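Trainee: would you be able to build a 3D model of this:
(one chain, ligands or ions: 2)
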Amino acid sequence: MSTVDWSHPAEGPAPIPELGARPDAPVAAVLALGANLREPAQTLDAAVAALSALPHITDVRASPRAVTTPVGGPPGQPDYLNQVVTLRTDLAPWELLAVAHRLEQDHHRRREVRWGARTLDVDVIAYGDVRSDHPDLTLPHPRAAERAFVLLPWLWLDADATLAGTPVADLAAVAADAPGVRRQEPERHRLLAGTDDVAPLRPARPDALGREAT
Ligand SMILES: Nc1ncnc2c1ncn2[C@@H]1O[C@H](COP(=O)(O)OP(=O)(O)OP(=O)(O)O)[C@@H](O)[C@H]1O
Ligand SMILES: Nc1nc2c(c(=O)[nH]1)N=C(CO)CN2
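Mentor: Ligands and ions are numbered 1, 2, ... in the order given. Sure thing, here's the model as predicted:
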């Protein structure tokens, strides 16, 4: 980890000191992973393995995966593979965001179109009970509570999970995109590991807007 002072983002609103402070004891955090370009299953495997190997991060648990219909963004992008990871960390929130961004960069994430297709997206859904309205790190994640592609995998991992005090089960029950979230069965998950066939249930169109250059 670099020695950058994460409490002071280079630009933007005033820093929130709590986001730069390491906790006295490890904190429970939740990350959401999504991928719909290249080889999503291998990408998610690699991201979970990388997280598990990092210092200051322990107790990494990965949810079952979901094949999900894209929510928002340009039409025609492939279905996503989504997964939620819970962990404990004594990194500061900014440092955990930096880990998320580093994972995205390792998988050549490019940001060209909002909610466009991507090789890997890693969002910080929650960091303990920290709340932040900083645009570079809003906690809990500002759209997590309405996203079944986050809530359902999280629920499959932890039936008692809560988000900002509300049971994730209650949030998932009313999330509009729930019909587009299909649990990937373990056998299929295992069969596909090591192949690039995770596939979109709908084929990607070559001219789909928002595709990232390879
Ligand atoms: N909790 C958070 N987790 C990850 N990024 C966040 C969070 N809060 C704010 N951001 C900021 O959001 C910006 C856009 O992130 P990104 O490109 O990953 O968005 P997205 O995944 O396409 O869309 P969405 O934010 O709706 O999930 C980044 O600059 C990042 O710093
Ligand atoms: N199904 C699905 N849709 C999305 C996803 C995602 O991970 N899965 N991520 C988005 C921006 O983070 C926007 N839309």
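Trainee: tell me which helix or strand in this structure has the weakest average pLDDT.
Mentor: Counting by mean pLDDT, DSSP states H and E, the chain has its least confident helix or strand at helix 186-192, which shows a mean of 57.
Trainee: check which helix or strand the residue nearest the centre of the chain maps to.
Mentor: Nearest to the mean C-alpha position of the chain, counting by Cα atoms, centre = their mean, stands Ala32 at 2.2 Å. Here Ala32 sits within strand 27-35, counting by DSSP states H and E.
Trainee: same question for Leu171.
Mentor: helix 168-173.
Trainee: and for that helix, what are the contacting residues?
Mentor: 145-146, 148, 151-152, 154-155, 158-159, 161-163, 178 (Cβ atoms under 8 Å, 6 or more residues apart in numbering). Every C-beta, even on glycine, is put in place using the N, C-alpha and C of the backbone.
Trainee: and the residues you listed, which two are the farthest apart?
Mentor: Glu146 and Ala159 (19.7 Å; Cβ to Cβ).
Trainee: quick one: low-confidence parts of the chain?
Mentor: Residues of the chain meeting the criterion pLDDT under 70: 1-16, 111, 187-214.
Trainee: near ligand 2, which residues of it?
Mentor: By Cβ under 6 Å from any ligand atom, the residues of the chain that approach ligand 2 are Gly34, Thr68, Thr69, Pro70, Val71, Gly72, Gly73, Tyr80, Asn82, Trp115, Asp121, Phe149.
Trainee: still on that earlier bit, looking at Glu146 and Ala159, which is more packed in?
Mentor: Glu146 (15 against 10; other Cβ atoms under 10 Å).
Trainee: with Gly116 as the reference, measure out to the more buried one.
Mentor: Relative to Gly116, Glu146 is positioned 20 Å away (Cβ to Cβ, to the nearest Å).
Trainee: check Trp94 too.
Mentor: 25 Å.
Trainee: okay, these two: which has more neighbours?
Mentor: For Trp94 versus Gly116, the count of surrounding residues by other Cβ under 10 Å is larger for Trp94: 25 against 20.
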